[in-house]
Structure formats: C-alpha cells, structure tokens
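> A structural model of the following input is requested.
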Amino acid sequence: FMALISGNIDALVYPAPVILKLAKQAGLEKKVKIIGAPLLEVRRAIAVRKGNRKLIETLDASAKSFVASPEYQMVYQKWYGETRQVYWTGSRVAGGACVLLLVTFLLMFFWRYLSIARLNRSLVAAMADRDKAEETIRLSEQKFLKAFQNAPCLMAINSLKDGRFLEVNDIFIKTVGIDREEIIGKTPEELGIVSPEDRDSVVDKLKSFGHLKDYELELIRADGMRRRCFYSALPFAVGGSRQLLSVASDTTDWERMELAFLESERKWRNILVNTPQIGVSLDPESRVVFVNNHFLRLTGWKEEEVIGRDWFDLFIPEEVRESVRDVLRDVIAKSRGLGYNSYENEIMTRDGELKNIAWSNVITRWPDGSVADITCLGVDLTERHHAEIKLRDRERKYRLLFEESNDGIFLYIVDGTVVEVNSRVAEILGYR
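Down below sits the predicted model:
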C-alpha cells in the first residue's frame, strides 16, 4: 500500500475494503481509485440441510433484519468507510413501478394512436377506392343501361333459373306490343311471344354450346302477327345470379324489302332482256355483266361469249376506242349520285360490221360514292343514217336538176308567195 502511495508502483491488486480502510485512516482516500470490475467477488453463506425450508426462511429474515440494523451499518462503515445505503427501498420500488407503468401506458397510448392513425388512413384510402369503384360501376351501369335501352335491336335479360324477364329495352316492348309492367317477372311462354318448338330448340342449343348466335326464330306479337328474327344469347353472372342476355334483330321488314327488291329487279331485268332496244351493263372496270337479247341479235354474239369481256376491246372500233373510253371516264368522274348522259358512237358486230348507236347511260353508285355499274340503253341509228345519206344524195341530185334546167321553175306556196326560183327564171325575166 505504501509503495502505491509513494508512487513506486502504479497499481495494486488487493481486497478493496481493506485498501479503502487504510487510505481513509491515512487521509489519502482521494488518491486511491478503483479501476475496472472486481477480479473476484467473495460471497459468504450459511449451509442448511436440503429440504429444511423453515430454517431457510428464519435465516433469511434474520439476515435482512441484521443488514437493516445500526450495528451492521457501524460494521460496514468501519471496514468500507461509508454507510451502505440500500437504494431500492420500498418507496423507490413503488415510484419506479409507477414510472414504468406510466411509460408503458404512454408507449401503449402512442402505439395505439399510431395504429389508429394508420388504420384511419387505410380506411380513408379504402373508402376513397370504394367510392371511386362505386362511381366507376355507376357510370358503367349508366352507359350499359343507356346502350341497352337505346339499342336499335331487341334486347332482354332473363333469369337462367326460371327464364323470367328481368329487363327489356324499348324496341323489345314496341315489337311485341306488350307493356313493360306486364313483361317483367314473366316467362316467354307465359307471354306467348315464342312457340314451344322455338323455345325448346333454343334451350337445347344453349345446353349444347353454352351460347347462341344468329338463330332464326319467330316472335309472336300481342296482336298475333309474327316477326322473323335472328336471335343471339349469352349467359353471364351478376352477384352470384346466373342470367341470360338476349339480342334479336327483326328481319321481317328487311325480308319484305329484299323480296320487293328482287321482284323489282326481276321485273326490270325482264324489261331489259325483252325490250326492242339495246341493253348493256358494265362494271367499274368496263367488263360486260349484262346484255339483252336485242343486243345479241344485233351483234351476232352469244351471251356466254361476251359476259366478262372488256366492252371497249370487243365492241368499239380501234380508231375511236381510246377516245370513247375517255368520254366514259370523264362522265363517271363528273357525275354525282345517279349519273345520266347520252352519247353516240359506232360498235362492231361479230362480223365486223359497224352499227351506229345512240346511247343513254345511267351510272349507279354505292352509298360510299363508288361506281356500282353503268347501264346503257341504245337505239340502232344505222338504217336511219343510211336513209339520211340517201335522202341527202337524192336532194343533191334534184337540186342539180332544178338549177341546171333550161326551163324556168317557180316554187311557191298555196297563197301564191314565191319561195324559190331557178337561175333560168332570172334570165327569162331579165334579172341577170
């Protein structure tokens, strides 16, 4: 100890209570410092036979009482230089417990606050997503309902379970002639709008294929009239309920129009075939698609020999072929809607004979404005032209006789008015 105090050594390993007691007695306790943890802690105990619980409890109580007594404090102060203070007294334990409970409560409160705030944010986001989804669904339902109600074809939704109508659109109501209130909740059989045969056939095809497309059936109106329809059906699910979307196109009026068109076409084709005029139809590429009997008799060709052939190559003389082709192109380019024009040109017969034809051409267009066909009606002017030539020759001959006659010739009308005289009259009367 004295070597440590005098500085001859830097450190000393020794029981701390003894060293501290000596330093205190010498008044040097401030110059001695304990460094690090004790290398060895010596504990003392009293051995008790195993199982003697009562004795252990008595000894523990006596030891605790002794440690808390003044005598122990005196002994402790004598050897350690200070009174050993018991830190964890009852009040401190109670206070520490209160502080621990308060800190625990605050931590729990803060954690609960964070959890509630996080949950609230999640709920707000979920509600926003739900509102957005509901708005999207609402808009989608509005679009579907608007499209459903304003569709130009018959539409209906039925329950797959019993076939009862859940919804129908306005065209459906108008076509069958039954009010909506009478339709909803009833089956097609109860309303009598389809025959049992059509109903059974539709059910069988749905069971076999799962859907139906363009099935032809008859829809029976409330007044008994029957309407021809092309019917399509597709099953779908809504909220666990299996339903059937039905779409039908009423073809009755179209079929009537088609029959009327076919009848009209048959009538006009019959007229064109048997008319004593020339009848020819060309496609937009100037290929022959129709010729009538009068044309075939005039030209000496057979129908199968000219159908599909180029009109200009087969019938127009080579020297005027391109000019006539240009005329037709110009007419097509300038005409609007149902174009019409007239033109006169020569055509060749099978034997190479030329026929002079006066044409009336009608250009038919599709709705988009493109040319559908060119129908040409012609009159053979060949004989008339020959007669005109003969008439002109005859007139020229008689004119020559009139002018060269040695007799004076007068031409006058019934009232005596002279309309023409020959040169001999002028000589006789002295006007030359």
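> downstream neighbour of the longest helix along the chain in the secondary structure list?
Under DSSP state H, the helix in the chain containing the largest number of residues is helix 90-150. Downstream of helix 90-150, the next assigned helix or strand under DSSP states H and E is strand 154-159.
> just checking, what packs against that next one?
Here strand 154-159 touches strand 165-168, helix 170-176, strand 241-250, going by 3 or more CB pairs under 8 Å, 6 or more residues apart in numbering; DSSP states H and E. Backbone N, C-alpha and C define where each C-beta goes, glycine included.
> pLDDT (mean, whole number) over the helix or strand just after the second one?
From helix 170-176 onward toward the C-terminus, using DSSP H and E, the following helix or strand is helix 180-183. Computed over helix 180-183, the mean pLDDT rounds to 91.
> Give me the buried positions along the helix or strand just after helix 180-183.
Per DSSP H and E, the first helix or strand lying C-terminal to helix 180-183 is helix 188-191. Neighbour-count burial for helix 188-191 flags residue 188 (criterion: 16 or more other CB atoms under 10 Å).
> just stretch 191-204 next, same as before
Going by neighbour count (16+ other CB under 10 Å), the buried part of stretch 191-204 is 193, 194, 195, 198, 199, 202.
> got it, and stretch 237-252?
243, 244, 245, 246, 247, 248, 250.
> How about the contacts made by the fourth one?
Contact criterion CB atoms under 8 Å, 6 or more residues apart in numbering gives 154, 155, 156, 157, 158, 231, 232, 233 as the residues in contact with residue 246.
> Just checking, which helix or strand of this protein averages the lowest pLDDT?
Every helix and strand in the chain was compared by mean pLDDT, DSSP states H and E; the lowest is helix 252-274, with a mean of 67.
> Name the residues that touch the next helix-or-strand element following that helix?
Using DSSP H and E, the helix or strand that follows helix 252-274 towards the C-terminus is strand 278-282. By CB under 8 Å, 6+ apart, the residues outside strand 278-282 that reach it are 272-273, 288-292, 294-295, 298, 311, 357, 373-380.
> rewinding a little: closest one to residue 429 out of the buried residues of stretch 237-252, please.
Proximity of the buried residues of stretch 237-252 to residue 429 (CB to CB) peaks at residue 250, which lies at 90.8 Å.
> Next, give phi and psi for residue 326.
For residue 326, the backbone dihedrals (degrees, to the nearest 10) come out as phi -60, psi -40.
> tally of neighbours for it?
10 (other CB atoms under 10 Å).
> returning to that earlier point: for the buried residues of stretch 191-204, give me TSV that also has distance to residue 39 and secondary structure.
Below are these laid out as TSV (distance: CB to CB, whole Å; DSSP: H, G, I helix; E, B strand; the rest coil):
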residue	distance to residue 39	secondary structure
193	107	coil
194	106	coil
195	111	coil
198	107	helix
199	104	helix
202	101	helix
